[in-house]
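S.K.: When you get a sec, could you give me coordinates for this:
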Amino acid sequence: MIADSASSDYGADDDVTLDSTSQRLFREALVEVAERAKSVLPECHDRIEQAVQLLLASEVQWRPDGTVQVRDRAQEDGVPGLQETCACPESAEAPRGWCVHRLASAIARRTTPLVKARLAALAAPVQPEPPASGLEDEARERMTIPPQYIQFIHGKPFVRYAGLLAMAHDLGLQKLEATFLSVTDGLALAQATATFLDGRRFTESGDATPENVHFGVRPHFARLALTRAKARALRDALNIGMCAVEELE
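M.R.: Have a look, this model is predicted:
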């Protein structure tokens with residue numbers, strides 16, 4: 001068991017009851033921090049998974065003195081203030097002393113500021129600049145990006161393609177066409193055009209390579225060029241400067 005110093009008072013076992021949005025953000029941030037930990041400590045993969053389960057089970061608490069305590073079923077009290085060592089038997093066997101307790105504490109301390117930053121960002125929705133005139137323009141002026149369409153990656157907000165498509169339909173999207181300009185083994189180029197009921201048309205291009213897409217879709221990387229082109233065309237139409245998740249490498 002271990003307790004590490006913390007700069008925040010928001011954790012998985014906080015006294016504050018978390019609403020559904022806070023719970024979702026906590027889980028997303030927790031997964032993100034855990035994945036980073038696995039890349040830094042690949043030899044601790046299984047222990048990191050156990051640490052995540054401790055956090056999800058509310059076995060990690062913030063103490064009044066600002067430390068993080070990981071509960072231990074064999075011992076009720078935590079050991080406050082320890083950051084480099086842990087008193088549990090597992091610590092001596094774990095790689096570099098990273099037992100499950102230390103990992104749970106470290107992940108909690110890194111998850112907390114992410115959740116707070118994302119909650120603060122959702123409290124101030126991103127608004128596109130108001131256009132000139134027209135019924136669609138007035139609707140766009142009042143439009144904000146719904147929170148469910150915003151995804152935070154490394155603390156920065158990005159809009160999801162599904163959100164762009166939904167908002168475009170609300171503003172009169174009539175047709176969304178995309179076609180390949182060229183496709184090779186190493187590069188796919190695509191172009192997309194969004195057409196609205198009032199006659200407005202927005203055309204943009206997108207590209208994809210096996211290296212700048214998620215490894216899970218590399219065999220189908222060319223399709224992502226179509227999605228990126230459509231996302232950019234919709235962002236132009238909606239006057240949204242926030243990058244789409246699907247445009248990221």
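
S.K.: what are the pairing partners of the longest strand along the chain, and which direction each?
M.R.: Longest strand in the chain, counting residues (DSSP state E): strand 173-183. Sheet pairing for strand 173-183, assigned by DSSP bridges, gives strand 188-196 (antiparallel).

S.K.: Next secondary structure after the lowest-mean-pLDDT helix or strand in the chain?
M.R.: Here the helix or strand of the chain ranked lowest by mean pLDDT, DSSP states H and E is strand 3-5, holding a mean of 39. Counting by DSSP states H and E, the element after strand 3-5 in chain order, helix or strand, is helix 20-40.

S.K.: on that earlier part again, residues in contact with the longest strand of the chain?
M.R.: Residues from elsewhere that reach strand 173-183 (Cβ atoms under 8 Å, 6 or more residues apart in numbering): 165, 168, 188-197, 205, 222, 225-226, 229-230, 233-234, 237. No exception for glycine: its C-beta is placed from N, CA and C like everyone else's.

S.K.: model confidence over that strand, on average?
M.R.: The pLDDT scores in strand 173-183 average 91.

S.K.: so how far is it from its chain's centroid?
M.R.: 28 Å (Cα atoms, centre = their mean, to the nearest Å).

S.K.: List the buried residues for that strand?
M.R.: 173, 176, 178 (16 or more other Cβ atoms under 10 Å).

S.K.: Give me the angle between the biggest helix by length in the chain and helix 20-40.
M.R.: Identified as the longest helix of the chain according to DSSP state H is helix 100-122. Computed by axes from the mean of the first three to the mean of the last three Cα atoms, to 10 degrees, the angle separating helix 100-122 from helix 20-40 equals 130 degrees.

S.K.: Quick one: mean pLDDT for helix 100-122?
M.R.: 80.

S.K.: Kindly export that helix (C-alpha atoms) in CSV.
M.R.: Extracted C-alpha coordinates of helix 100-122, given in CSV (Å, rounded to 0.1, in the frame of the first residue of the first chain):
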residue,chain,number,x,y,z
VAL,A,100,0.5,-2.2,-8.2
HIS,A,101,0.1,0.3,-5.3
ARG,A,102,2.7,2.8,-6.7
LEU,A,103,1.2,2.5,-10.2
ALA,A,104,-2.3,3.1,-8.9
SER,A,105,-1.2,6.2,-7.0
ALA,A,106,0.9,7.6,-9.9
ILE,A,107,-1.9,7.0,-12.4
ALA,A,108,-4.4,8.7,-10.0
ARG,A,109,-2.2,11.8,-9.7
ARG,A,110,-1.9,12.1,-13.5
THR,A,111,-5.6,11.4,-14.2
THR,A,112,-6.9,14.1,-11.8
PRO,A,113,-5.6,17.2,-13.6
LEU,A,114,-6.8,15.8,-17.0
VAL,A,115,-10.4,15.4,-15.7
LYS,A,116,-10.5,18.9,-14.2
ALA,A,117,-9.1,20.5,-17.4
ARG,A,118,-11.7,18.7,-19.5
LEU,A,119,-14.6,19.6,-17.3
ALA,A,120,-13.5,23.2,-17.5
ALA,A,121,-13.3,23.0,-21.2
LEU,A,122,-16.8,21.6,-21.5
